[in-house]
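In: Sequence first, then the predicted structure:
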Amino acid sequence: MIPAARGAQTAAREGTRAAARGLVLALLAAGCTNSPYRPGEAARPTYFGSFSTPPTKLDPTSAYYVHEGRLIDQIYEPPFTYHYLNRPYQLLPLTAVAIPVPDYYDADGLRIEDPDPPPARVARAVYTVRIRPGILYQNHPCFARAADGSPFYRGVDPRSVRPYAFPSEFPRQGTRELRAEDYALQIRRLADPRLASPVFSTLADYILGLRELHEAYQSALEAERQRRRAAGGPAYNQQRDERDHPVRLDYTGPECPGVEVLDTHTYRLTLRRKYPQILYWMCMHFFCPIPHEAIEFYREPAIREKEFSLNRCPVGTGPYFLEVFKPNEVIVLARNPHYHEDFYPTEGDPGDGPAGLLADAGRRIPFIGRQVLHLEKEAIPAWNKFLQGYLDASGISSDVFDQSIQMQTGERPDLSDAMKQKGIRLATDVDTTFWYMAFNMRDPVVGGYEPAKRKLRQAISIVLDYNEFLDIFANGRGILAQGPIPPGIFGYRAGAEGTNPFVDEWDPVRERHVRKSIETARALLAEAGYPDGVDADGAPLTLYYDHSAQAESFFRSYFDWTRNRFGLLGIRLRDRGTDLSRYREKKDRGNWQLASGGWLADYPDPENFLFLFYGPNGKVEFGGANATNYRNEQYDALFARMESMGNGPERREIIDRMVNILQEDAPAVWQYHPVSFGLQHEWFRNVKPHQMSYNTMKYKRIETALRVARQAEWNRPVRWPLGLLLAVVAVGSIPAAVRVYRRERGR
């Protein structure tokens with residue numbers, strides 16, 4: 001073959017190869033998808049969600065933030081829980097056999113026969129909790145056993161566990177039955193000073209011997225530290241030593257009479273006095289079980305080297321266990337294969353049946369096998385994934401509110417047409433939360449209880465129109481608060497009868513509360529001694545707003561709005577921001593004037609809100625939750641009566657009187673109760689907002705076939721680039737074909 005022919009054949013082959021490569025690339029492009037998940041994953045019963053704040057504490061003793069509770073409450077199980085559908089919230093046994101009825105004893109140790117005795121008669125309240133036999137923990141290496149029955153990973157070589165990124169990857173796993181001693185161990189852990197449980201100070205006032213146990217642990221820790229300092233000499237570094245070799249506390253001793261294990265499945269909790277709300281506390285993860293095997297496992301040097309601990313690697317009996325924990329990337333919860341029998345409710349509120357919330361009545365739960373949660377720091381990318389069907393549910397940020405919600409007649413929210421066409425559902429609920437601006441009642445200007453001081457605070461409350469705030473900053477998602485008790489909690493008064501007569505009025509046309517007029521506020525300010533915002537010497541009234549949020553962009557907008565509202569009365573408001581540690585120090589010492597705060601219900605009882613203004617809970621004097629340092633003898637006396645009462649007409653009357661005292665004294669500006677908006681795709685079933693528990697994913701279900709169909713419909717491949725590419729390839733191959741043809745003809 002002559003060289004010219006060989007060159008022509010080479011050119012032809014190269015043209016053919018180029019065309020083939022182009023065709024392959026085109027076919028690959030046509031087959032690509034924008035799905036962020038593995039092929040076939042959407043067809044499995046997996047929930048796809050997101051989170052914006054990485055969790056840092058998963059130890060149930062010390063974790064207290066909502067975003068951490070959403071994980072913890074699916075992994076651990078306290079003895080009691082709440083009915084998923086019924087409102088008002090109803091207590092149910094979870095791992096316990098039943099909700100215990102307390103036994104009351106007087107000061108002489110004699111049992112009181114009255115099932116609801118006056119609090120003054122009660123010297124001891126005893127709750128006996130019986131746990132259901134046969135409940136098993138999740139698989140975990142802490143339960144793995146060697147042939148001789150000893151812990152398999154005791155004294156383990158660090159090199160043998162170095163390849164594993166999480167305990168779920170360890171080759172040896174095990175489980176065991178839940179025991180009463182596990183609950184007792186966790187209650188004792190609340191007294192460990194190193195864990196700094198946020199609820200210890202409150203519970204120590206009720207649980208017999210818990211405060212003394214805390215002191216005993218503190219003494220034991222200090223004695224061991226002194227021994228180590230003496231042995232270590234001048235070069236001893238206590239911080240490094242305790243990091244590398246934590247002091248070991250014996251959680252089985254010393255004795256704590258308030259927490260007793262009676263047998264394998266029974267324990268007893270004894271209170272110093274009558275306190276029915278303890279049953280609500282026992283629905284929280286602070287009262288969940290912790291196995292001693294987990295404590296010992298995480299004490300192993302090789303395990304500590306991996307930075308495994310209860311803060312990152314929980315061990316529970318709940319419906320899910322933590323399979324993957326990369327808090328800056330992804331978190332995966334998988335169904336616990338050992339989860340005990342649990343069933344979907346067979347009854348609910350009147351509207352739950354028509355809403356489809358009882359379609360799975362009586363079926364065993366959980367329905368969802370895995371939860372895959374990706375970190376989404378920005379709201380818009382997460383929103384776009386939701387619209388594509390790659391997230392099953394979504395909140396509504398202010399940036400996309402107008403895109404998703406339209407306000408109908410009477411200002412009732414409804415979904416936009418675009419959302420309805422996708423079959424998206426809207427769920428709204430008033431949060432059992434209230435936000436407030438606190439006055440420091442110890443401050444000489446805004447504090448005090450004289451009539452003039454009350455009128456100053458009332459005038460400020462009126463001028464801070466939080467209906468306007470909600471319209472500007474929250475798309476109207478909230479209702480004006482009339483006091484500290486939110487809707488859904490016993491004692492809340494709705495409509496006209498709940499109106500704060502000193503600050504608000506009821507608008508029957510728009511069916512909402514509105515602030516009194518600016519003229520009313522100015523008149524009150526003049527009666528307080530500050531006509532037009534100046535004092536008797538003609539000096540302008542200047543107030544200071546303390547905070548730790550100076551770097552947050554939202555805060556700057558909020559502060560500008562607040563300052564402008566104060567300006568309507570002639571009052572000057574000054575920004576007094578500090579770092580968080582300094583701000584907390586100022587609050588602890590009472591060196592502040594105005595500050596904002598909020599409170600989310602721990603349990604559905606008015607005591608959980610009214611105790612924020614109980615004098616003996618004052619922040620400065622007693623280190624309690626009463627951040628305003630408010631103290632009113634009449635209010636305190638009523639609180640002491642109301643605290644331990646069961647719900648009924650007498651308790652409601654006392655609560656009404658307490659709220660009226662707070663309204664008149666105005667130790668805080670009652671701002672608003674947020675209204676949460678949530679969106680769900682049509683394939684995400686059994687969704688009903690629940691304010692008291694985060695262990696609700698086990699009730700929800702995914703219709704996977706519908707999800708796959710919608711994802712395919714909403715994310716169809718764009719095929720016209722394929723045709724264009726084929727045309728380009730075809731046109732590009734013509735010159736090579738012509739050259740080959742001519743050379744062949746010439747030959």
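Out: Received it, and whenever you're ready, just let me know what you need. Numbering: from 1, shown residues only.
In: got the residue ranges for the strands in the stretch 151-300 of the chain?
Out: For the stretch 151-300 of the chain, the strands defined by DSSP state E, counting those that start in this stretch cover 259-263, 266-271.
In: elements contacting the shortest one?
Out: For strand 259-263, the contact count by 3 or more C-beta pairs under 8 Å, 6 or more residues apart in numbering; DSSP states H and E identifies helix 180-189, strand 266-271 as packing neighbours. Any C-beta I mention is one placed from the backbone N, CA and C, and that applies to glycine too.
In: CSV for the strands of the stretch 151-300 of the chain, including mean neighbour count?
Out: Putting those into CSV (neighbours: other C-beta atoms under 10 Å) gives the following:
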stretch, mean neighbour count
strand 259-263, 16
strand 266-271, 21
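In: Which parts of the longest strand seen in the chain count as buried, going by neighbours?
Out: Longest strand in the chain, counting residues (DSSP state E): strand 668-680. By 16 or more other C-beta atoms under 10 Å, the buried positions in strand 668-680 come out as 668-677, 679-680.
In: The very next helix or strand once past that strand pairs with which strands, parallel or anti?
Out: Per DSSP states H and E, strand 668-680 leads on to strand 684-685 as the next helix or strand towards the C-terminus. Strand 684-685 has the following strand partners under DSSP bridges: strand 701-702 (antiparallel).
In: Could you dump the strands of the stretch 151-300 of the chain into TSV with distance to residue 138 and mean pLDDT added?
Out: Formatted as TSV, the strands of the stretch 151-300 of the chain follow (distance: least, C-beta to C-beta, whole Å; pLDDT from 0 to 100):
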stretch	distance to residue 138	mean pLDDT
strand 259-263	22	97
strand 266-271	21	98
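In: Make JSON lines out of those and add distance to residue 144.
Out: Output for the strands of the stretch 151-300 of the chain, formatted as JSON lines (distance: least, C-beta to C-beta, whole Å):
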{"stretch": "strand 259-263", "distance to residue 144": "25"}
{"stretch": "strand 266-271", "distance to residue 144": "26"}
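In: Any idea which of the ones you listed gets closest to residue 96?
Out: strand 266-271 (10.0 Å; C-beta to C-beta).
In: Quick check: mean pLDDT of the longest strand of the chain?
Out: Here strand 668-680 scores 95 as its mean pLDDT.
In: gap between it and the chain center?
Out: Using C-alpha atoms, centre = their mean, to the nearest Å, the mean C-alpha position of strand 668-680 is found 15 Å from that of the whole chain.
In: Which one of the helices and strands packed on strand 259-263 lies nearest to residue 207?
Out: strand 266-271 (6.2 Å).
In: Who are the packing partners of that closest one?
Out: strand 124-130, helix 180-189, strand 259-263.
In: same for the first one, what does it pack against?
Out: Secondary structure elements in contact with strand 124-130, counted by 3+ C-beta pairs under 8 Å, 6+ apart, are strand 103-105, strand 266-271, helix 278-281.
In: Relative to residue 582, which of these is closest?
Out: That would be helix 278-281 among the helices and strands packed on strand 124-130, by C-beta to C-beta, at 32.1 Å.
In: Lowest mean pLDDT among the helices and strands, pick that one out for this protein.
Out: One helix or strand of the chain scores below all others by mean pLDDT, DSSP states H and E: helix 3-31, with a mean of 48.
In: so where is the stretch 451-600 of the chain shaky, pLDDT-wise?
Out: 550-551 (pLDDT under 70).
In: Touching, residue 315 and residue 141? I think so.
Out: No. Taking contacts as C-beta atoms under 8 Å, residue 315 lies outside contact range of residue 141: 9.7 Å.
In: how many neighbours does the closest residue to residue 34 other than its chain neighbours have?
Out: Closest residue to residue 34 apart from its sequence neighbours, by C-beta to C-beta, 6 or more residues apart in numbering: residue 715 at 5.8 Å. Residues contacting residue 715 under the criterion other C-beta atoms under 10 Å number 13.
In: Centre of the chain to stretch 255-274, how far?
Out: 29 Å.
In: residue boundaries of the helices in the stretch 601-747 of the chain?
Out: Assigned by DSSP state H, counting those that start in this stretch, the stretch 601-747 of the chain shows helices spanning 607-610, 619-622, 633-642, 649-665, 704-714, 720-746.
In: would you turn the ones you listed into TSV with mean neighbour count?
Out: Putting these into TSV (neighbours: other C-beta under 10 Å) gives the following:
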stretch	mean neighbour count
helix 607-610	22
helix 619-622	16
helix 633-642	16
helix 649-665	18
helix 704-714	15
helix 720-746	13
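In: out of those, nearest to residue 74?
Out: helix 704-714 (20.4 Å).
In: what does that closest one rub up against?
Out: 35, 42-45, 387-390, 392, 422-423, 681-683 (C-beta atoms under 8 Å, 6 or more residues apart in numbering).
In: do stretch 89-101 as well
Out: Contacts for stretch 89-101 (C-beta under 8 Å, 6+ apart): 77-83, 115, 127-132, 135, 178, 279-280, 283, 289, 317, 340, 488, 604, 691-692.
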